[in-house]
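Student: starting from these lines, generate the structure:
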Amino acid sequence: MPAWRTISLWMDQLDEPLLARPSLEQDLDVDVAIIGAGYTGLWTAYYLKRQAPDLNIAIVEAQTAGFGASGRNGGWLMGNVLGEDRLLADLSPEQRRASFDLLHGMPDDVG
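Tutor: Residues are numbered from 1 along each chain as shown. Next comes the predicted model:
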């Protein structure tokens, strides 16, 4: 069994084995190249594609999606920030509402 197959509890509990994809063997011509298929890379690709569906996006990962810290996460997500009132205090009412809605909507969006 490849070493990357047993790196996290989550990957060990998959019903089907992970299959390695072939290595990139040629140059790609893309609009956006994202290095890393963890939370940051995957969410960046997701939101870019939502905003601009015609973008040609490639995600390049050295191991497998979620190989690093993203695949070992045992935490949880909540839609608030310590000091949120202070951080939003200098914004206009419209900016505060937009920031509040964005922040508090993230758990629903991610989950």
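
Student: check which helices and strands the longest helix along the chain sits against.
Tutor: Secondary structure assigned by DSSP state H gives helix 93-110 as the longest helix of the chain. Contact partners of helix 93-110 among helices and strands, from 3 or more C-beta pairs under 8 Å, 6 or more residues apart in numbering; DSSP states H and E: helix 84-88. To be clear about C-beta, it is placed using only N, CA and C from the backbone, and glycine gets the same treatment.

Student: quick one: contacts of the helix it packs on?
Tutor: With C-beta atoms under 8 Å, 6 or more residues apart in numbering as the contact definition, helix 84-88 has outside contacts at 81, 95-96, 99-100, 103.

Student: could you do stretch 96-106 as well?
Tutor: Outside stretch 96-106, the residues that touch it by C-beta under 8 Å, 6+ apart are 77, 79-81, 84, 88, 91.

Student: that older thread, which of the residues in the longest helix of the chain are buried?
Tutor: 96, 103 (16 or more other C-beta atoms under 10 Å).

Student: what segments of this structure are strands?
Tutor: Remark: strands assigned in the chain by DSSP state E are 32-35, 57-60.

Student: before we move on, the earlier item: relative to L42, which of the contacts of helix 84-88 is nearest.
Tutor: L103 (20.0 Å; C-beta to C-beta).

Student: give me the neighbour count for the spatially closest residue to E61 that is not a sequence neighbour.
Tutor: Of all residues not flanking E61 in the chain, A37 sits nearest, at 3.8 Å (C-beta to C-beta, 6 or more residues apart in numbering). For A37, the count of nearby residues is 21 (other C-beta atoms under 10 Å).

Student: ok, D29 next?
Tutor: Quick note: D29 (other C-beta under 10 Å) scores 6 neighbours.

Student: relative to F67, how far out is it?
Tutor: For D29, the distance to F67 equals 26 Å [C-beta to C-beta, to the nearest Å].

Student: next one: E16
Tutor: Counting by C-beta to C-beta - E16 and F67 are separated by 18 Å.
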